[in-house]
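J.: Task: produce atomic coordinates for the following.
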Amino acid sequence: MLRSLVAVLIAILCVPLVDAFCPVVICPGFGNDEIDYDEPLKQPKEVGLRSVLARRGFDPDQIYTVPVKRSDWIRVAGGLLDIPNFYTGNAKPTGLGYGWYIKRLKETVDRAYEASDGERVILLAHSAGGWLARAAMGDGTWCDETGIRTNERIRCLATMGAIHFEPVDFATCVTRGALKSTNEMYPGAFLKDSGIGYVSIGGAAIMGDNSKELEPSTEADALYANRGEGSASRVAFSSYEAVCGKGDVMGDGVVPFDWSQLDGARKIKLDGVLHSINEAGTTIPTDCWYGSERIVDSWLPVVLEEAGIQSSKKSNEGGFGGLDSFQEWAKSIMAPPDRKRRNLIQSVGSQLVAGTLLFQLPGMVEALYENAPIVDSVPTRLASGVSIQDLRPGDGEIIKEGTRVNVQWVLKRSNGYSIDSSANNDGVPFIFVVGATEGNRAIAGLDEGIRGLRVGGIRRIVIPPGLAYTEGLESGKPGPIPPDFGPRQRINRVMNMLRDDIPGESFVLDVKATRSQ
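T.: Predicted structure coming up:
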């Protein structure tokens, strides 16, 4: 457990940020419980895949796991009653054996879609969840009764260590035809032409070897030897043989690599990556499975690309003079909080209300502005409840009532999760007149908080919801208001006070005044 925590802490220091304003649904693998993706093997939540994704910018409220308990998998035995299909190897994925899983998966996707007010979902499907997700996506019709199409609900399917092919000797397939039926009805990346992305991720960690002479080289090997199973390579040999008919192949310890690669999908091979949260057949946790902190970034950028979420943005040259580029500044400043900071935020809610805790992190500020002078200042709390702190001095005109000002901006929630920035929107500045009550005007907290800043300076403004987006979120005024649906929904969630795990949530708005008139 200690090793896993240390790995998480080290990896967080250099974690990249993802601008992902869509829900994620995790589809558990065969024998897995939903808790395996939250608190794997009773390890801290920071180790779980849900937390790993949240640290990369996904809204934790929008990360779902199909509700499956370990005991639910006994339902697969219900296939025995599917006569004669089960016994003739012609079972269907929607039949008695697996239909319950597909039903829950679709219900979870619908719930995620509705809660996000219409954002399509990324499916992260682990192990058997991979082919079951393909079966749930079907022929492109999501709901026969309403006529809803699958591409109206799902934007990308990424499978991790999934079995996409039946064994060479079909009679040995444990799905009794359900996997074969899926491949016959919906072969490969079946809905790719309808706009759904596909990514298949496979591990190449263990070569199957049935030799009895192998010496134990790991803790898992020693356990296998003690149980008379030999080694991880021998256990992998048996698993691979059951999956594809051959044991002496390379894979993630459970699934052969070649069997994890779906035809027509973007294919990713991860050397040294194991199948699940534990060494196969043991309770020994591993930090090198598909969802581990140090592994996720090997495949997540490709998934986002296939999902159509990330796109390259042209820089606004000269729009953020003094720093190498505003895009780099924004990328740094929007990085998710490290574990220490998040723990502090969650444990000291009163400081969040005062808007002070975010400023007690000089090391973080220095990292954000490596090439810029840093003001050794303390936050000032105004009578309205707005808090301000200058992070970099300006040398231009002082901004005051009546000033027409251009600002580059980054908007976050007070828990550290990003909402949007002008850099994400081609570097277009927000332009407003300080004190204006109509026309180009700013939200009240920014209008008040920017006064006294000199042009060229960077100021952090912590704004309570009551002085933020109380009006005009759909019309675009007062601003700055993100142009895209997803970021506006993040603002809505704060304004509607949907979160109750962090008291006194506010908006954190970092602005640089680039021009005044």
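
J.: Check the closest residue to Asp33 other than its chain neighbours and give its pLDDT.
T.: Sequence neighbours aside, Arg70 is the residue nearest to Asp33 in space, at 4.4 Å (criterion: C-beta to C-beta, 6 or more residues apart in numbering). Bear in mind the C-beta positions are built from the backbone N, C-alpha and C, glycine included. With respect to pLDDT, Arg70 has a value of 91.

J.: buried set for stretch 132-141?
T.: Neighbour counts over stretch 132-141 (16 or more other C-beta atoms under 10 Å) mark 132-138 as buried.

J.: actually stretch 434-445, not the one I typed
T.: Those would be 434, 436, 441-445, for stretch 434-445 by 16+ other C-beta under 10 Å.

J.: Quick one: end-to-end length of it, please.
T.: Using C-alpha to C-alpha, to the nearest Å, the end-to-end distance of stretch 434-445 comes to 11 Å.

J.: Could I get the contacting residues of Asp420?
T.: 411, 482, 484, 487, 490 (C-beta atoms under 8 Å, 6 or more residues apart in numbering).

J.: does it have beta-bridge partners, and which?
T.: Leu411 (DSSP bridges).

J.: residue contacts, the most centrally placed residue in the chain?
T.: The centroid of the chain falls nearest to Leu53 when counting by C-alpha atoms, centre = their mean (3.4 Å). Going by C-beta under 8 Å, 6+ apart, Leu53 touches 24, 63, 296.

J.: cool, and Gly435?
T.: By C-beta under 8 Å, 6+ apart, the neighbours of Gly435 are 401-402, 447.

J.: 6 Å instead, please
T.: Taking C-beta atoms under 6 Å, 6 or more residues apart in numbering, we find Gly435 in contact with 401-402.

J.: for it, helix, strand, or coil?
T.: Per DSSP: H, G, I helix; E, B strand; the rest coil, the secondary structure class of Gly435 is coil.

J.: Got the phi and psi for it?
T.: When quoted as degrees, to the nearest 10, the phi and psi of Gly435 stand at phi 90, psi 0.

J.: on that earlier part again, tell me which entries of the buried residues of stretch 132-141 lie within helices.
T.: With DSSP state H as the criterion, helices contain 132-137 from among the buried residues of stretch 132-141.

J.: Against Val434, how distant is Gly402?
T.: 6 Å (C-beta to C-beta, to the nearest Å).

J.: Sorry, slip of the keys, the one I care about is Ile481.
T.: 17 Å.

J.: if we can go back for a sec, pretty sure the residue nearest to Asp33 sits against Glu34.
T.: No. Judged on C-beta atoms under 6 Å, Arg70 makes no contact with Glu34 at a distance of 9.4 Å.

J.: Of the two, give the one with the bigger neighbour count.
T.: Of the pair Arg70 and Glu34, Glu34 is the one with more neighbours under other C-beta atoms under 10 Å, namely 18 against 13.

J.: ok, now which ones touch the more buried one?
T.: Per C-beta under 6 Å, 6+ apart, neighbours of Glu34: 28, 65, 67-68.

J.: Which among those residues count as buried?
T.: Among the contacts of Glu34, those scoring as buried are 28, 65, 68 (criterion: 16+ other C-beta under 10 Å).

J.: any low-confidence regions in the stretch 51-200 of the chain?
T.: Along the stretch 51-200 of the chain, segments meeting pLDDT under 70 span 170-172.

J.: Kindly report the same for the stretch 201-350 of the chain.
T.: 212-230, 278-284, 310-350.

J.: Which parts of it are strands?
T.: Assigned by DSSP state E, counting those that start in this stretch, the strands in the stretch 201-350 of the chain fall at 206-207, 250-251, 266-271.

J.: right, so these: which one is the most enclosed?
T.: strand 250-251 (a mean of 23; mean count of other C-beta atoms under 10 Å).

J.: Correct me if wrong, but Phe30 is in a strand.
T.: No. Phe30 is assigned coil when assessed by three-state DSSP, not a strand.

J.: any idea how far Ser276 is from it?
T.: Taking C-beta to C-beta, one finds Phe30 at 10 Å from Ser276.
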